[in-house]
Structures are given as C-alpha cells and as structure tokens.
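> test case, fold it:
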Amino acid sequence: MERWATFDCYGTLIDWEGGVSRELARVFGAAAVTERLAQYHSVEREIQRDGSLSYREVLTECMRRLGAPVRDVHSLAESLPAWTAFPEAHDALAEARARGWKLAVLSNTDDDYIAASQVQLGITFNEVVVAQEIGSYKPAHKHWDEFFARTHAPREGHVHVAASSFHDIAPANELGLRSVWINRLGETSANVPTRELSDLRTLPEVLDELVPA
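Numbers count the residues shown, from 1 in each chain. Here you go, the predicted structure:
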C-alpha cells in the first residue's frame, strides 16, 4: 500500500508567522506587530472566503486593509519567497521519504510560492495542490478532493500534517482523515487531531506508528 503524508506548508514547514511578523514590523513598527498580526488573521479569512483571489492578491489586499502605505501594499507578497524553513523541516521530510512515504503539499497559496519554498526546504514534493489552481481555500475540502483525485492515494495510507487547527485539522476531522497537529505555539483547540507534536523532529516515527509499512 502506498503511504502518503500531506502537509500544509506555511506555519508547518515554512516559518509563516516569522515571515509575516518581520514584514509587519518593517512597515508598521515593532510595537504594532502583535495587534497587526491579530488583525491580519481576521482579514485574511474574510478575503479568502470566496476563493476568487490568488494568494499574492490576498496578501496585497490584507496589507491594504491593515493601512499600509501605498508603496508597501505589495511588500508582504514580495517577501514570501524568502521566508525560511523551520530548522528541522528538511531532515524530517527526508527521513519520512526514506521510510517510504510519498510527500504532498496542500496549500492556501500560489504555485510560484510553493516552488520557492521547495528550494528553501531542499525537498521536491510528489504532488502539490494550491489554492491558485483550484479556486478554493482551506478549510473548504477541495484541496483534499483534488489530492485524492490526482493520486488515488488510499485513505487508509494517508496522514495530513499541519499547524493550523482551523484551516487543516478541522476539515481533516470532517473528512475522517488521520492528522498530526504541529502545535508550535502551544495553542488549545476543540479540533482534536490524531496526534499532536510541538515540532517535526519525531514526525517520521509518528507517521510510521499511524500507518505501519
């Protein structure tokens, strides 16, 4: 049986919060980051709701609504390709692949961003599904529908790995899928994953526990 691990990318493999926070600090000042980041989370969900905008456009519209100067409304979108991978991400992905897992990304972003982030990670994924090409943002289910349609991956051999309880763990539960919540920030959630980890270091072992070879 093929074994597939699907991943959200930003926040799970790539340091989304660090990338966003650095740009918010540059534009609005360090003292404003906490407030602006909270506003960003709310605004982003609203903008993504109908799935009509690319993620580059979402990032730009978020900055506009947060009150960025005209010269800076595109700056967050332009900064994303340089956002760095979490230090353990490459080794965890490489080890999972060495154990026979196929790797895929299901991301609320654009294909060029994922291409840049694969360079940051030093890993090429077996499959990539992005919001830009399917016209839908998680927590809607279309990413998973598209993934299973493309790969014919067996559901009993699949695990979804993600940092967002709202965007990923909740829909995985709705779909009856195994999930691993990478809870880097020590958050609490009513969406209960199959397993919870604080980072990716022990993920290969956990994947093997959930779906033995």
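> quick one: distance of stretch 184-203 to the chain centre.
Centroid displacement of stretch 184-203 relative to its chain, using CA atoms, centre = their mean, to the nearest Å, is 14 Å.
> okay, now residue 198: neighbour count?
When neighbours are counted by other CB atoms under 10 Å, residue 198 registers 12. Bear in mind the C-beta positions are built from the backbone N, C-alpha and C, glycine included.
> which strand runs longest in this structure?
strand 101-107 (DSSP state E).
> domain ranges for the protein?
3-15+83-210, 16-81 (automatic domain parsing).
> how about the lengthiest helix in the chain: buried residues?
The residue-count maximum for a helix in the chain (DSSP state H) belongs to helix 33-48. Neighbour-count burial for helix 33-48 flags 33, 36, 39-40, 43-44, 47-48 (criterion: 16 or more other CB atoms under 10 Å).
> same check, this time on stretch 125-133
125-132.
> which residues of this structure score low on pLDDT?
Along the chain, segments meeting pLDDT under 70 are nowhere present.
> what segments of it are strands?
3-7, 101-107, 127-130, 158-162, 178-182, 195-197.
> hmm, back to that, check the buried residues of stretch 125-133 against residue 190 and report the nearest one.
Comparing the buried residues of stretch 125-133 against residue 190 with CB to CB places residue 131 closest, at 24.8 Å.
> now for that closest one: which residues touch it?
Contact analysis of residue 131 by CB atoms under 8 Å, 6 or more residues apart in numbering lists 48, 51, 54-55, 107-110, 137-138, 143.
> same check, this time on residue 116
Applying CB under 8 Å, 6+ apart, the residues contacting residue 116 are 80-82.
> most neighbours among the residues you listed, which one?
residue 80 (22 neighbours).
> wait, that residue touches residue 59, no?
Yes: between residue 80 and residue 59 there is a contact at 7.1 Å, judged by CB atoms under 8 Å.
> touching both of the two, which residues are there?
Contacts common to residue 80 and residue 59, judged by CB under 8 Å, 6+ apart, are absent.
> now do stretch 196-212: distance from first to last residue.
Stretch 196-212 has an end-to-end distance of 18 Å (CA to CA, to the nearest Å).
> lovely, talk soon.
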